[in-house]
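Student: Make a model of this:
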Amino acid sequence: MLYRHKAVQGALLLMFFAASFSAPAQKSEKHKLKEKYANLPEVIWRDRGDVQKLDLLYGAGGKEHAPDPNDTFTFEKEDMNGTSPKFEMKDSSGVRWKVKLGAEPQAETAATRLLWAAGYFVDEDYFLPELKVEGLTSLSRGPKSEVQPGGIVRNVRLKRKDKENKKTGNWDWDKNPFVGTREFNGLRVMMALINNWDLKTVNNAIYVADGERRYEASDVGASFGKTGNSITRSKSDLNGYEKSRFIEKTTPTEVEFLLHSRPFILSAVNVPNYVGRTRMEGIVKHIPREDAKWLGGILGKLSEKQIRDCFRAGGYSDDDVEEYTQDVLKRIAELNAL
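Tutor: Okay, here's the model as predicted:
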């Protein structure tokens, strides 16, 4: 009986392997989308023309796409991706929005406007100090106080979901079609300028829109604070941002910016995380001096009012708007002094 049992097991294993090799592999939905749009041109930057005419209070989506705070919004589902509490909803016109709560909404709203002004692709983000959502009673993530009675949430970022834009995947800082280009190096400088310390691949998206594949830094909420390890870093922290160094060192041909992200070496129990965070710090190193100056030239055309509008759009207080504006202007001046 034992031999017969082993023989049956062997036959079943053979049948399983035969079926595995003979059956065609099922392609994932993302893989199918990748193949479908493989021949479209790839872009990471666009000349905005006269940047002084850009409306940075409303950003990439403009005033016409801005949500009406008095509209009727209906809860659809909670979004469990990432670390910030999020959910999806739709307005009375059927437009869908992804709402983010927590520490990132203000910083992310301001950061997308600066990135857009510099020529990079961003989400259509808007900040609301208060929002009422029908059907929203609680969220499984974040403190219970995030959702008030009646579906009231405060200090939220709304990301407009355009059904015409299709996400086809993520892109990597080290492996993408733009490595070595001036435009890509400019994006690396932008990450240092806004102190974005969370440069994971999952935070970079490829979208298909208007017949092209657009490479976007799509989650920039870990910005405008202090870079550092998991204990010292912060988001939307004016004091941490203004005390941070921007340029670490220069050579006749290169610039290295300062971005801390990895944990203490003695606490690096999670080796993949330590390696990944070390790699992030390298993203803002060895940038050609001329490419950094090129970006500074673009940002230098922005008026003080436009930069203020970035932070006004993020719902910061008047005092914080002014201080953040002066800090950003100082960093732009450092780029142009290279």
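
Student: contacts, neighbours, all on C-alpha from now
Tutor: Noted.

Student: quick one: the strands in the stretch 1-150 of the chain?
Tutor: Under the criterion DSSP state E, counting those that start in this stretch, the stretch 1-150 of the chain carries strands at the ranges 42-43, 73-79, 86-90, 96-100, 125-134, 147-148.

Student: Among these, which comes closest to residue 257?
Tutor: Across the strands of the stretch 1-150 of the chain, residue 257 has its closest neighbour in strand 42-43 (24.8 Å, Cα to Cα).

Student: Looking at the strands of the stretch 1-150 of the chain, which is nearest to residue 119?
Tutor: Closest among the strands of the stretch 1-150 of the chain, using Cα to Cα: strand 42-43, at 10.9 Å.

Student: for the record, mean pLDDT for that closest one?
Tutor: Averaged across strand 42-43, the pLDDT comes to 98.

Student: Does it pack against any helices or strands, and if so which?
Tutor: With contacts defined as 3 or more Cα pairs under 8 Å, 6 or more residues apart in numbering; DSSP states H and E, strand 42-43 has these neighbours: strand 212-217.

Student: Which neighbouring elements make contact with the strand it packs on?
Tutor: Taking 3+ Cα pairs under 8 Å, 6+ apart as the contact cut, strand 212-217 packs with strand 42-43, strand 204-209.

Student: just to revisit the earlier point, with residue 303 as the reference, name the closest of the strands of the stretch 1-150 of the chain.
Tutor: Nearest to residue 303, of the strands of the stretch 1-150 of the chain and by Cα to Cα, is strand 125-134 at 21.1 Å.

Student: Need the residues that contact that closest one.
Tutor: Under the contact criterion Cα atoms under 8 Å, 6 or more residues apart in numbering, strand 125-134 has outside partners 58-61, 66-67, 69, 72-75, 89, 105-106, 108-109, 112, 150-160, 313-315.

Student: could you redo the last one with a cut-off of 7 Å?
Tutor: For strand 125-134, the external contacting residues (Cα atoms under 7 Å, 6 or more residues apart in numbering) are 66, 69, 73-75, 105-106, 109, 151-160, 313-315.

Student: and what of stretch 35-51?
Tutor: Around stretch 35-51, the neighbours that count as contacts under Cα under 7 Å, 6+ apart are 117, 119-121, 183, 211-216, 301-302.

Student: didn't residue 206 look like it was pressed against residue 168?
Tutor: Yes: contact criterion Cα atoms under 7 Å: residue 206 and residue 168 qualify, at 5.7 Å.

Student: Would you state the helices of the protein in chain order?
Tutor: 2-22, 29-36, 105-118, 182-193, 238-242, 271-282, 289-299, 304-313, 318-336 (DSSP state H).

Student: Can you give me the buried ones in the shortest one?
Tutor: Translated: helix 238-242. 238, 240, 241, 242 (16 or more other Cα atoms under 10 Å).

Student: Please verify my assumption that residue 101 contacts residue 87.
Tutor: No: the criterion here is Cα under 7 Å, and residue 101 misses it with residue 87 at 8.8 Å.

Student: circling back: and of the strands of the stretch 1-150 of the chain, who's closest to residue 177?
Tutor: Smallest distance to residue 177 across the strands of the stretch 1-150 of the chain (Cα to Cα): 7.9 Å, for strand 42-43.

Student: so how far is that closest one from its chain's centroid?
Tutor: Taking the mean of its C-alpha atoms, strand 42-43 sits 18 Å from the chain's own mean (Cα atoms, centre = their mean, to the nearest Å).

Student: Quickly run through the sheet partners of it, with directions.
Tutor: Under the criterion DSSP bridges, strand 42-43 sits next to strand 212-217 (parallel) in its sheet.

Student: next one: the strand it pairs with to chain centre, how far?
Tutor: With Cα atoms, centre = their mean, you get 12 Å for strand 212-217.

Student: what angle do that strand and strand 204-209 make?
Tutor: Relative orientation of strand 212-217 versus strand 204-209 (axes from the mean of the first three to the mean of the last three Cα atoms, to 10 degrees): 150 degrees.

Student: Quick check: mean pLDDT of strand 212-217?
Tutor: 97.

Student: Also stretch 172-179?
Tutor: Here the average pLDDT along stretch 172-179 is 97.

Student: ditto for stretch 255-269
Tutor: Across stretch 255-269, pLDDT averages out at 72.

Student: now stretch 188-208
Tutor: On average, stretch 188-208 scores 97.

Student: Would you mark the buried spots in that stretch?
Tutor: 188-200, 202-208.

Student: What subset of the contacts of stretch 35-51 is buried?
Tutor: Buried among the contacts of stretch 35-51 (16+ other Cα under 10 Å): 117, 119, 120, 121, 183, 212, 213, 214, 215, 216, 302.

Student: Understood, closing this out.
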